[in-house]
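Participant: next input, structure requested:
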Amino acid sequence: MIDLSDDRDPIEILATDFLERQRRGQSPTIVEYAEKYPQWADEINDLFPTIAAMEDWKGSQSTCSLNPAPLGNVDVEKLGDYRILREIGRGGMGIVYEAEQLSLARRVAIKVLPRGYFNNPEQRERFQREAQIAGRLHHTNIVPIHGIGSDQGYDFFVMQYIDGVSLDKFIAASNATDDRIDWRRVARFGIQAARAMHYAHGQGVLHRDIKPANLLLASDESGEHERVWIADFGLALALESDAERSKCVGTPGTLRYMPVEQLEGQPTAQSDIYSLGLTLFELLAGHPAFEGMTPSRLLQCIRQGERPALPKGERAAAPYDFEVIVLKATEPDQTKRYATAKDLADDLERLLTNYPVRARHVTSLEHAIRWMQRNPLAASLSCIATILLIGIITTTTVGYFSAKAGERREAALRASEQEQRMREAEQRERAEAALQVAMESLDELFTQIESSRRPGQRLDSDEARGMLDALKRMLAFYEQLAIQGHGGTDARIRVAEALRRMGDLHRNLREYDDAEAALLKAVTSLEHAIGERPAETEPHIQHARANYTLGRVYRDMGRSEEGDVLIQLAISELDSLPNDVPQRRHIQELLSRFQRDVRRVHGE
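Facilitator: I've put the predicted structure just below:
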């Protein structure tokens, strides 16, 4: 009779009993347990087949599973061309030693399998084939395999020696000193491992046992640059081996880091992504995602798609988006995980560089905040310009009411009209001076933005969105000042220039209607400025640039004829300007750029 009175999960107790009876040579059936405990029949029918399959896999003598002798110490000092120096690690598959390759006088790592590891020629052939698969991988973050060998009853394969520490030991050392592993560092580890995995997947190879113990951390001589190496491709499986894989009951790997499809013998590239996601969890949290569980309980967690949340304590002091990335990587449904390891690496890089991650939708406010974090100088200039503009409005408003109050006082005191006009002129001069400073700040902002772009490069959408938000606030102030009559034609030209740049930003975002509206407004404003100052060069330059940008928008919208007409008008307007004006060099540069664009479009 099974005692179900203790505090443990009854399914766990029943599963343990089921396994113990199997190991004693009995033949318990799943139906027997389901009928005897009908209240848990669904859980039994869901979990017990997997337990039975895993137990069969562990004891199978098929080509898909090995039945190695227990690990012990290699009782020889030399294997073939290699002199064994010291043990540096061990796992379920063998013991890793530091060794010296005598013929080349170099240090290597040699993984020695226990005696009797291979029970038949087919197993040895598979080992040799998998070593060849792993040996063809050449990547800066994958430990290279130099070769395989057999001597004195031991089989082994030889790898590059990495002078570093495995990530499981790195986590243990951090826990011992109570040091939090910085999330940025974890992200960099993840990027390197994911890029290496993507390369291996592209070569048709799965790892199938990604975990902290199989990731090595090494530093360069300066100690400034850390490199993560993926080790132990001895379990590598060719992606194209579907026929052979279908014969397997279960699959090699480590249960704690194994997704359900790998548990069922059908590993994919997304299975390695899942394992790396749990490794990132462990680095952040300082402990495994599934800790302190019996095998039956762990199997139940995997089968039911359970995922532990990152703790909110100090060791998990990472951005929310990091948790989102980990959750996407460890989705129980593999179709909802990252499609490729490269996608995972790209999201980690976006997180490090303050770009929104692809794993979730980001609001406009977050776009603006991230843009300011990526572009502190530009954001500072934007804030300065905004503050100056607020100062302008404050100055003009205070000046206006002061002037009105002064008028009343002057009337009461019968002050002279000349003194009143002088005071109003003084207020106007201060407002116009502040306006000029703000305009120069806006110019500096645009210069900073455009200097970071390569010729012909479209802005990143997040960056463009952040700049547009800042520009819209600033332009609202400029236009209000222009309405109040401050700055005159100069203000009108500067507002039109800002509108043209806004139109270009909307074009980068492929928001063509908004781009057209801003540019038409700029063209209209500049036509008024030209009417006010027909002999001046600057309004014509800005008018030509606005028409040129509008022409490019029309071309992008499929209105090529309209676009070509506007671009030709812009070229003609610049070409007709006098040669003896101070802006001649700038005009010539614009003409050359516009003409190059025309030739490129028409394939000349």
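Participant: can you give me the strands for the stretch 451-600 of the chain?
Facilitator: For the stretch 451-600 of the chain, applying DSSP state E, counting those that start in this stretch gives no strands.
Participant: helices of that one, start to end?
Facilitator: 461-483, 488-508, 512-532, 537-556, 560-575, 584-602 (DSSP state H, counting those that start in this stretch).
Participant: list the buried residues in the last one.
Facilitator: Neighbour counts using 16 or more other CB atoms under 10 Å place Ile587, Leu590, Leu591, Phe594, Asp597 of helix 584-602 among the buried residues. In this view, the C-beta of every residue, glycine as well, is placed from N, C-alpha and C.
Participant: what about Ala134, distance to Phe157?
Facilitator: Computed with CB to CB, to the nearest Å, the distance linking Ala134 and Phe157 is 8 Å.
Participant: ok, Leu255 next?
Facilitator: For Leu255, the distance to Phe157 - CB to CB - is 24 Å.
Participant: who has more neighbours, those two?
Facilitator: A count of neighbours by other CB atoms under 10 Å puts Phe157 above the other of Leu255 and Phe157, at 24 against 15.
Participant: what average pLDDT does stretch 190-200 get?
Facilitator: Mean pLDDT, stretch 190-200: 96.
Participant: where does the stretch 101-250 of the chain have low pLDDT?
Facilitator: Residue ranges of the stretch 101-250 of the chain with pLDDT under 70: 116-120, 123, 126, 130, 221-224, 234-250.
Participant: how about the helices in it?
Facilitator: Using DSSP H, counting those that start in this stretch, helices in the stretch 101-250 of the chain cover 121-135, 167-176, 183-202, 242-245.
Participant: deepest of these, which one?
Facilitator: Mean neighbour count (mean count of other CB atoms under 10 Å) peaks for helix 183-202 among the helices of the stretch 101-250 of the chain, with a mean of 22.
Participant: element containing Leu278?
Facilitator: Here Leu278 sits within helix 269-285, counting by DSSP states H and E.
Participant: and that helix with helix 183-202, angle?
Facilitator: Interaxial angle, helix 269-285 versus helix 183-202 (axes from the mean of the first three to the mean of the last three CA atoms, to 10 degrees): 160 degrees.
Participant: hmm, back to that, dump the buried residues of helix 584-602 to a markdown table, plus pLDDT and distance to Trp229.
Facilitator: As requested, the buried residues of helix 584-602 are exported to a markdown table (pLDDT from 0 to 100; distance: CB to CB, whole Å):
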| residue | pLDDT | distance to Trp229 |
| --- | --- | --- |
| Ile587 | 89 | 57 |
| Leu590 | 88 | 52 |
| Leu591 | 88 | 55 |
| Phe594 | 87 | 52 |
| Asp597 | 81 | 48 |
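Participant: that older thread, out of the helices of the stretch 101-250 of the chain, nearest to Leu263?
Facilitator: helix 242-245 (13.5 Å; CB to CB).
Participant: I'd like the helices of the stretch 101-250 of the chain written out as CSV, with distance to Val324 added.
Facilitator: Formatted as CSV, the helices of the stretch 101-250 of the chain follow (distance: least, CB to CB, whole Å):
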stretch, distance to Val324
helix 121-135, 33
helix 167-176, 22
helix 183-202, 13
helix 242-245, 32
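Participant: among those helices, which is nearest Thr294?
Facilitator: The nearest among the helices of the stretch 101-250 of the chain, by CB to CB, is helix 167-176 at 20.6 Å.
Participant: and the closest one with helix 269-285, angle?
Facilitator: Using the same axes, to 10 degrees: helix 167-176 against helix 269-285 is 20 degrees.
Participant: show me the contact partners of helix 167-176.
Facilitator: For helix 167-176, the external contacting residues (CB atoms under 8 Å, 6 or more residues apart in numbering) are 165, 180-181, 189, 211-213, 215-217, 228, 279, 282-283, 286-287.
Participant: nearest to Ile110, of these?
Facilitator: Nearest to Ile110 out of the contacts of helix 167-176 is Leu216 (CB to CB; 15.3 Å).
Participant: I figured that closest one hits Ala196, correct?
Facilitator: No. Using CB atoms under 8 Å, Leu216 is not in contact with Ala196; the gap is 11.6 Å.
Participant: thinking again about what came up before, looking at the helices of the stretch 101-250 of the chain, which is nearest to Ala546?
Facilitator: The nearest among the helices of the stretch 101-250 of the chain, by CB to CB, is helix 183-202 at 42.8 Å.
Participant: may I have that closest one as CSV, with CA atoms only?
Facilitator: Output of helix 183-202 as CSV, limited to C-alpha atoms (Å, rounded to 0.1, in the frame of the first residue of the first chain):
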residue,chain,number,x,y,z
TRP,A,183,22.8,41.6,-16.2
ARG,A,184,24.9,43.3,-19.0
ARG,A,185,27.6,40.7,-18.5
VAL,A,186,25.0,37.9,-18.7
ALA,A,187,23.7,39.5,-21.9
ARG,A,188,27.1,39.5,-23.5
PHE,A,189,27.6,35.9,-22.5
GLY,A,190,24.3,35.1,-24.1
ILE,A,191,25.1,37.0,-27.3
GLN,A,192,28.3,35.1,-27.9
ALA,A,193,26.7,31.7,-27.1
ALA,A,194,23.7,32.4,-29.3
ARG,A,195,25.8,33.5,-32.2
ALA,A,196,27.9,30.3,-32.0
MET,A,197,24.7,28.2,-31.8
HIS,A,198,23.3,30.0,-34.9
TYR,A,199,26.5,29.1,-36.8
ALA,A,200,26.3,25.5,-35.7
HIS,A,201,22.7,25.2,-36.6
GLY,A,202,23.5,26.7,-40.0
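Participant: that older thread, Lys328: which of the helices of the stretch 101-250 of the chain is closest?
Facilitator: Between the helices of the stretch 101-250 of the chain, helix 183-202 lies closest to Lys328; by CB to CB that is 12.5 Å.
Participant: now do that closest one: which elements does it pack against?
Facilitator: Secondary-structure packing of helix 183-202 (3 or more CB pairs under 8 Å, 6 or more residues apart in numbering; DSSP states H and E): strand 215-219, strand 226-230, helix 269-285, helix 320-329, helix 341-352.
Participant: out of these, which is the most enclosed?
Facilitator: Comparing those by mean neighbour count (mean count of other CB under 10 Å), helix 269-285 ranks first with a mean of 25.
Participant: what is the rounded mean pLDDT of it?
Facilitator: Rounded mean pLDDT across helix 269-285 is 95.
Participant: please renumber so the chain begins at 147
Facilitator: Sure, I'll start numbering at 147, so the last one becomes helix 415-431.
Participant: helix or strand right after it?
Facilitator: helix 441-450.
Participant: what residues does that following helix touch?
Facilitator: 155, 157-158, 161-162, 165, 189, 192-193, 196-197, 200, 401-402, 404-406, 409, 436, 439.
Participant: quick revisit: wait, which of the helices and strands packed on helix 329-348 is closest to Val699?
Facilitator: Nearest of those (CB to CB): helix 487-498, 28.6 Å.
Participant: angle of that closest one against helix 466-475?
Facilitator: Using the same axes, to 10 degrees: helix 487-498 against helix 466-475 is 170 degrees.
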